[in-house]
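Asker: sharing a sequence plus its predicted fold:
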Amino acid sequence: MEAGRSEFARPASLALMAIAAVGWLVAAYFWAQAVGLRAEGEETLRRAEVARQEVVGDLQNMQRLIGSATELRRKLDDGRKALDDAVSQRTSVQGDLAELTRKVDETELSLASETDLLDSKSTLLKDTEANLKAAQDELADIASQRTIADADLQKAQAALADALARARAADSSTVAAKS
């Protein structure tokens, strides 16, 4: 046994045992790392397969939605025709808009002219109304003066009739006195 002990007691054997123990520890560490990496790789592969299936599904949906190249070309031609029609309509509408703008400008000028004419006629009407009111006031004054003059005339006629009656009475008294 001593020979067996002596083998383990030698520094080279101890160093080899230490290196072997460190080697086994390093191997166990790398084995654990490899197992973790393999699990991660399998999980990544599983996710990649799910993503691939989603992309395949999306691609199939896109192909179904898009249709064939002929259908796309027809749609493109229809779109170009619709665009040409829209440009033509826009040009027509712009022409109509320019014509309407010109008419609006003419109407505004005409309206301004008519407004000026209306203002001058309104001023003339106000002046005429003022003159009419003054004439009506004068007519009212003349009517009241006429009423007063008619009353004075009736009084004068009554006084004249009374004076004539007295003059006749005086004439008849004078004639009677003479006879």
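Answerer: Nice, I can see it. Residues are numbered from 1 along each chain as shown.
Asker: quick one: average pLDDT of the longest helix along the chain?
Answerer: Determined from DSSP state H, the single longest helix within the chain is helix 69-178. Across helix 69-178, pLDDT averages out at 89.
Asker: so how far is that helix off the chain centroid?
Answerer: Mean-position distance between helix 69-178 and its chain equals 41 Å (Cα atoms, centre = their mean, to the nearest Å).
Asker: one more: stretch 61-77?
Answerer: On the basis of Cα atoms, centre = their mean, the separation between the geometric centre of stretch 61-77 and that of its chain is 39 Å.
Asker: repeat that for stretch 27-34.
Answerer: 72 Å.
Asker: hey, C-alpha coordinates of it in CSV?
Answerer: Extracted in CSV, the C-alpha atoms of stretch 27-34 (Å, rounded to 0.1, in the frame of the first residue of the first chain):
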residue,chain,number,x,y,z
ALA,A,27,-15.9,19.5,-19.5
ALA,A,28,-18.9,19.6,-17.2
TYR,A,29,-19.2,23.4,-17.6
PHE,A,30,-18.9,23.2,-21.4
TRP,A,31,-21.4,20.3,-21.5
ALA,A,32,-23.9,22.4,-19.4
GLN,A,33,-23.3,25.3,-21.8
ALA,A,34,-23.8,23.0,-24.8
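Asker: can you give the contact residues for it?
Answerer: Contacts to stretch 27-34, defined as Cβ atoms under 8 Å, 6 or more residues apart in numbering, come from no residue at all. The C-beta positions use only the backbone N, C-alpha and C, and glycine is treated the same way.
Asker: elements contacting the longest helix of the chain?
Answerer: Taking 3 or more Cβ pairs under 8 Å, 6 or more residues apart in numbering; DSSP states H and E as contact, there are no helices or strands that helix 69-178 lies on.
Asker: what about A130, distance to L124?
Answerer: 11 Å (Cβ to Cβ, to the nearest Å).
Asker: nope, S179 is what I meant
Answerer: 78 Å.
Asker: ok, the two, which is more surrounded?
Answerer: L124 (10 against 5; other Cβ atoms under 10 Å).
Asker: list the contacts for that one?
Answerer: Contact analysis of L124 by Cβ under 8 Å, 6+ apart lists nothing.
Asker: okay, S13: pLDDT?
Answerer: On the pLDDT scale, S13 is placed at 83.
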